[in-house]
Every structure is written in C-alpha cells, then in structure tokens.
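A.B. asks: Let's see this in three dimensions:
(chains A and B)
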Amino acid sequence: MTINQLSIFIENRSGTLVKVLDILKQSGIQIIASTIADTAEYGIYRLICSEPSRAYQELKDAGVAVALSDVFALELDNEPGKAADAVRIISDADISITYMYTFLWGGKGILIFRTDQTEKAHDVILQHHLSFIDENDLAGGGEN
Amino acid sequence: MSRDEMSALQGKRLHKIVEYVYHNVPFYRHKLQSMDITPDDIQTIDDIVKLPFTTKKDLRDNYPFGLQAAPQSEIIRIHASSGTTGNPTIVGYTRKDIGVWTECMARCLTAYGVGRNDIFSVSYGYGLFTGGLGAHNGVEMIGAAVVPASTGNTEKHARLIRDLGITGIACTPSYALYLAETMEKMGITKDQIHLRVGAFGAEPWTENMRAEIQKRLGLKGYNLYGLSEIMGPSVSYECQEQHGSHINEDHFYPEVINPVTLEPLPKGQTGELVFTTLTKEGMPVLRYRTRDLCSLMDGQCGCGRTSVRMSRIEGRSDDMLIIRGINVFPSQVESVVLSMKEFAPRYMLIVDRVNNLDTLQVQVELRQEYFTSTFDTPAAIDELEKRLAARLKSVLSIGAKVQLKAPGTIERSQGKSAHVIDKRKI
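C.D. replies: So this is what the prediction gives:
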C-alpha cells in the first residue's frame, strides 16, 4: 500500500540535478517516476525508482541530502475520472494530502500521495477496496 | 583655545579620570596595579601611553555593570548596543554625562549651521540605540524644533518634511537615500521641500554617496561620528569646510595606533582609532579600541577651529559589519547557526545594498543526517528557514533572509572574513 519514495534537496544551480542522476545511473537504478517541487531557490526532487533502499544509500554516501518517505500508491484503471474518484474518497474521509502525482505503470495509472494521517488513509483504502501496489510490484521493472 | 591650553586641560582631566576609575572600577584598579601604575604617574596627556587599552571584550566580560564607575543612584539613563556574541554592551549615563553629550551634540549642530529657526527631524532609531535620543537632546539644546521621527513609516515622514518645511535631518546616509527614493515615488519634488542640512552617521559612507544625497535631497550633508561605548553620536563632526571631522577632544581624547603592535602612530598615518573619555562619570573608558581605521589631522581648520580632526573611517580592524546602522559580527550568526542541530557549522553572510537599503542574506548548510522525510515539502523547509530567521533577528536586531544550501556546498572558510561577502560599494 505504501512505497518508498526518495526525496532529495537540490539547489537551483546548474549541475545539481545531473549529479544526482549520474549517481543513480552508475548504480544501475531505474527511475520509474519523478517530479520536482520547485521554489525560487531550491527544489525537492521526489522520485520512485527500482531498489529505493540501495539508491538511498548510494546517494547518502555521495553526500546528497536525501530522505526516504513513505507514500501511498494507488493503482487505478487508465480511464478518465478514476483519479477524481479516488481522491474524492480520500477527501471525504477528511484526509489532507500533502502532495500528489500520477504516472503510468504496466498499463495502469499509479496515484502517489503523501499524508500525515497514515493510519486513517490505510483504513479508508481498505474499506473502499481501492487497489494499491507495493514495493515488490515495482521491483521487477515495468512494461508500459 | 590654543593647542597648549587644550593639552594642559586634557592632561588635567586625564589625571582626574584615572584617579576616578582607580578608586571606583575594580577592573581598572587591578589592571593598573598589575602594571605598577598609580594615578600619580599620569600627570600630562603624554602619559596616556602608559595606560592599558580597553576592548569590546572587556566590556562584554564585565557585563552588565562591571565597568560602571558611578553608583547606580547617579545613573539616569542606560543604553545598550549589540555585542559580538550574547551580551550587549551596557552604557549608563549620569546627569552630567547626558549634559556633556547634549553639549557636544549641540556643537555638532552649530558647526552644521543649525540654529533656533530650524525644524529638525531626528530619524535615527529612538530606543536602546544611542542615535535617536542623543541627537534629539542636542537639537533641543540649540533651540531648534525637534521632530522625533525615528525610523520606519518613511512615507509619513516624507509628507512631514514637505508639509512642515523641515530644514534639517539626522539619519544614516543609506536612510537618506531611501527617503529620497520614497519621495520620488510619492511625487514629492526637490522644490517642494526645504531640507538644507543633513547630519549623517552610524555607518560608513563615501563622497559619492554624499554627492548623490546632496543632489537628490537638495541639502548639504555632514558627517556625524560617534559610538555608544564612548558616548553616542557627537564624538566628532564636520564643519562647513568638510575637511575631516572635528573631535570633541576636550571630552574624548583620540589616538591612532597600529592595531598589531599597539604602538601609537603619528598624525597623518592610518591606524586604529582609540578614545579615552576625559570627563565621563557613568562608564568612563581608558584607551578604548574602536576598531575603526582612520588617521588624525593637526592644524587649524579653514573654519577657525583648532581641534584635531579625523579622516573618514577607512575600514575596520575586526570583522564587524555595519548593516542599516546596526553592528553585526559574523560570530553572532555563528552562535545562532550552531544552536540549531539541523545546520552544519558553516555559513556565509552576503551583504548587499538594494534600492539604497542594506540587505543581509545568511546562507546555511543543511546537515545531511537531519534531512529526513519530515522535510520533503517546501513548506517544511520554509518553516525551518523562518525559525532560523526569527532567531537571527532576535540576536542581530535586524532581519536577515535565510537561504538553505545543500550539504557540502558552502566552502570551508579559511579565516573569519571568509564568512562574509560584502557587495556594497562603500
């Protein structure tokens, strides 16, 4: 239900993003999805990848400010309106979403979101029989 | 007064002040005893070289009242200025001290050509800072009408300058430029205002700044120098000649020394300015090292005054910065940064002047191990930056913009000055 996302603090300076990506490349880590929350002076680069624990260690060893964050990963049919339906359920349960993004994985839509109300989100997902994926689903690499 | 008469007066006052601190300030008594000096060894002003120096650190170590000579019942006012770390410098004034200060300030204003027909606005901060109240008393003494505008609310101040026909102003030179800019934005033109005298001080400034302020505000700008450890504004002032600042040397005896060897330097040579208060009762200081670098000038001035003059301040012999008139030491920033575990002990101060106002940016490095999933949103990072900014503000008394840097991106500094990038052209 939750997967590990890498959160990386990067400055808005040329070369900083490349440095991170090069480390992942050299470690043979595959990026599955990524997004940047940017501000004027820095960004928080969030990414879902194969082997997040190893990626975390490699980045950490290279001195990068990196954290592992637990994020929820819902699996949705790749059809219009599915994201709205899912977010409606979460919202109706009064769960606030800190951030959210989606990507396609194996023909399915994956909706990633982070909340501080993890237990409540967990319960709501089970109650409403929402589909989700976990770490192992991503480990094998995907065919879109 | 002839130079001989002045020297005789200074010698007499020096003997008296040494005797006074010897009997009333244990710090000085112990220092003089350890050097085998008694007040009787100090008879003429030339004997001053036998006396020990006083530093900002001595003031800090004796916080708050350790260097105060007068009993508390005689103190009628207390000012405080920022210290390098933690303790501010506390200066207590007796009624006589306030009288001397007021008199010295009145001399400055008289030299600037301010008189009883003037309406004079004091736009230094009123409060713990000596600028506001110090200038205020002098203006009242000469009989001009004082407008205690203080700092802030520049638009209202600009309107008053126009509407009241204010003729004189005391403020920092950068505030004068900011005021000019505000007026221009408000559509107040030079021919609508009657400013003719500006008393500018509390921060270093240049001839270029003077020319610009004079052009934009249509006044004549004079230097006003002072520091709270000695008195406040009024230690020295420019006259109509604007060729060096006349020191009120019957109260504040100046020397210039080599900051490394501590040897006194002859007139004309640049070194560290040192002052001895000759008449102060509340907190007299012997040979206080100002850290300001300048030179002294002899000889009668074109204005007729015979008092010794000091050049413009050419720099500092320590790493103190003056930002919007407030003294800032990099070590103050360091103590705040070190008090928060999220940051590495590396930092950089970037000082700039934007629209004539000094700005301070503090760059700090995030500690890798404290970047956890809690910080994976800009809101959380902003909150961390704000927390540091609030602490900096309470320690420095001025606002600073905090910029968070990734681990390992701020260069390890080689010395103290490597913590500072000053982009101001002054």
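A.B. asks: how about low-confidence regions in chain A?
C.D. replies: Under the criterion pLDDT under 70, the flagged ranges of chain A are A:140-144.
A.B. asks: how about the residues of it that lie near chain B?
C.D. replies: Within chain A, the positions adjacent to chain B are A:5, A:7, A:9-11, A:16, A:37, A:39, A:41-42, A:44, A:46, A:60, A:63-70, A:98-99, A:114 by Cβ under 8 Å from any Cβ of the partner chain. For every residue, glycine as well, the C-beta is placed using N, CA and C.
A.B. asks: Any idea how many residues pack against B:Met209?
C.D. replies: Residues lying near B:Met209 (other Cβ atoms under 10 Å in any protein chain shown) number 21.
A.B. asks: thinking again about what came up before, mark which of the residues of chain A next to chain B are part of strands, please.
C.D. replies: A:5, A:7, A:9-11, A:37, A:42, A:44, A:46, A:66-70, A:99, A:114 (DSSP state E).
A.B. asks: What's the PyMOL line that selects buried ones from those?
C.D. replies: Selection command for PyMOL covering only the buried members of those, criterion 16 or more other Cβ atoms under 10 Å in any protein chain shown:
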select buried, chain A and resi 5+7+9+10+11+37+42+44+46+66+67+68+69+99+114
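A.B. asks: list the helices and strands the longest helix that chain B contains packs on?
C.D. replies: Counting by DSSP state H, the longest helix found in chain B is helix B:3-24. Applying 3 or more Cβ pairs under 8 Å, 6 or more residues apart in numbering or on different chains; DSSP states H and E, one finds that helix B:3-24 makes contact with helix B:26-34, strand B:271-277.
A.B. asks: Would you format these as CSV with mean pLDDT and mean neighbour count included?
C.D. replies: As requested, those are exported to CSV (pLDDT from 0 to 100; neighbours: other Cβ atoms under 10 Å in any protein chain shown):
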stretch, mean pLDDT, mean neighbour count
helix B:26-34, 97, 15
strand B:271-277, 97, 25
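A.B. asks: any chance of those in TSV, with distance to chain A too?
C.D. replies: Formatted as TSV, these follow (distance: least, Cβ to the nearest Cβ, whole Å):
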stretch	distance to chain A
helix B:26-34	47
strand B:271-277	39
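A.B. asks: Using JSON lines, please lay out the ones you listed together with distance to B:Thr44.
C.D. replies: Formatted as JSON lines, the helices and strands packed on helix B:3-24 follow (distance: least, Cβ to Cβ, whole Å):
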{"stretch": "helix B:26-34", "distance to B:Thr44": "17"}
{"stretch": "strand B:271-277", "distance to B:Thr44": "13"}
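A.B. asks: what about these, which gets the closest to B:His79?
C.D. replies: With Cβ to Cβ as the measure, strand B:271-277 is the member of the helices and strands packed on helix B:3-24 nearest B:His79 (14.4 Å).
A.B. asks: got the angle for that closest one vs helix B:3-24?
C.D. replies: Orientation of strand B:271-277 against helix B:3-24 (axes from the mean of the first three to the mean of the last three Cα atoms, to 10 degrees) gives an angle of 70 degrees.
A.B. asks: sorry, back to before: what's in contact with the longest helix of chain B?
C.D. replies: B:1, B:28-29, B:32, B:38-39, B:42-48, B:51, B:69-70, B:249-250, B:253, B:276-281, B:284, B:286, B:306-307 (Cβ atoms under 8 Å, 6 or more residues apart in numbering or on different chains).
A.B. asks: residue boundaries of the helices in the stretch 151-300 of chain B?
C.D. replies: Here the stretch 151-300 of chain B has its helices, by DSSP state H, counting those that start in this stretch, at B:154-164, B:173-186, B:207-217.
A.B. asks: Go through the last one and flag the buried ones.
C.D. replies: By 16+ other Cβ under 10 Å, the buried positions in helix B:207-217 come out as B:Met209, B:Arg210, B:Glu212, B:Ile213, B:Arg216, B:Leu217.
A.B. asks: Ok, stretch A:127-144 next?
C.D. replies: Under 16+ other Cβ under 10 Å, the buried positions of stretch A:127-144 are A:Leu130, A:Phe132, A:Ile133, A:Asp137, A:Leu138, A:Gly142.
A.B. asks: just checking, what packs against the helix or strand containing the fourth one?
C.D. replies: It stands for A:Asp137. Element membership for A:Asp137, per DSSP states H and E: helix A:135-139. On a contact count with 3+ Cβ pairs under 8 Å, 6+ apart, helix A:135-139 meets strand A:2-11.
A.B. asks: what about 6 Å?
C.D. replies: If contacts are counted by 3 or more Cβ pairs under 6 Å, 6 or more residues apart in numbering or on different chains; DSSP states H and E, helix A:135-139 sits against no helix or strand.
A.B. asks: ok now it, how far from the chain's centre?
C.D. replies: 12 Å (Cα atoms, centre = their mean, to the nearest Å).
A.B. asks: can you list the residues that contact it?
C.D. replies: For helix A:135-139, contacts defined as Cβ atoms under 6 Å, 6 or more residues apart in numbering or on different chains pick out A:Ile3.
A.B. asks: and it, C-alpha only, in PDB?
C.D. replies: Presented in PDB, the C-alpha positions along helix A:135-139 are these (Å, rounded to 0.1, in the frame of the first residue of the first chain):
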ATOM      1  CA  GLU A 135       7.300  -2.200  -3.200                       C
ATOM      2  CA  ASN A 136       7.500  -5.600  -4.800                       C
ATOM      3  CA  ASP A 137       5.300  -4.700  -7.700                       C
ATOM      4  CA  LEU A 138       7.800  -2.100  -8.800                       C
ATOM      5  CA  ALA A 139      10.900  -4.200  -8.300                       C
END
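A.B. asks: In space, what's closest to B:Tyr253 - neighbours in sequence excluded?
C.D. replies: B:Thr276 (4.5 Å; Cβ to Cβ, 6 or more residues apart in numbering or on different chains).
A.B. asks: can you tell me which residues contact that neighbour?
C.D. replies: Neighbouring residues of B:Thr276 by Cβ under 6 Å, 6+ apart: B:Tyr253, B:Leu286, B:Arg287.
A.B. asks: if I look at it, how far off is B:Phe65?
C.D. replies: 20 Å (Cβ to Cβ, to the nearest Å).
A.B. asks: Could you do B:Gly201 as well?
C.D. replies: Distance of B:Gly201 to B:Phe65, given as Cβ to Cβ: 27 Å.
A.B. asks: what does B:Pro330 give?
C.D. replies: 28 Å.
A.B. asks: Those two: which is more packed in?
C.D. replies: When B:Pro330 and B:Phe65 are compared for neighbours, B:Pro330 comes out ahead with 22 against 14, by other Cβ under 10 Å.
A.B. asks: which residues does that one contact?
C.D. replies: B:Asp319, B:Leu349, B:His419, B:Val420.
A.B. asks: Just give me the neighbour total for the residue lying closest to it once chain neighbours are set aside.
C.D. replies: Computed as Cβ to Cβ, 6+ apart, the closest residue to B:Pro330 that is not its neighbour in sequence is B:His419, at 4.4 Å. Each residue near B:His419 was counted by other Cβ under 10 Å, and the total is 19.
A.B. asks: For B:His419, give me the pLDDT.
C.D. replies: On pLDDT, B:His419 comes in at 84.
A.B. asks: Ok, B:Gly408 next?
C.D. replies: 84.
A.B. asks: Which strand or helix spans it?
C.D. replies: Going by DSSP H and E, B:Gly408 is not part of any helix or strand.
A.B. asks: B:Glu365 versus that one, what's the distance?
C.D. replies: In terms of Cβ to Cβ, B:Gly408 sits 7 Å off from B:Glu365.
A.B. asks: who's more crowded, the two?
C.D. replies: B:Glu365 (21 against 16).
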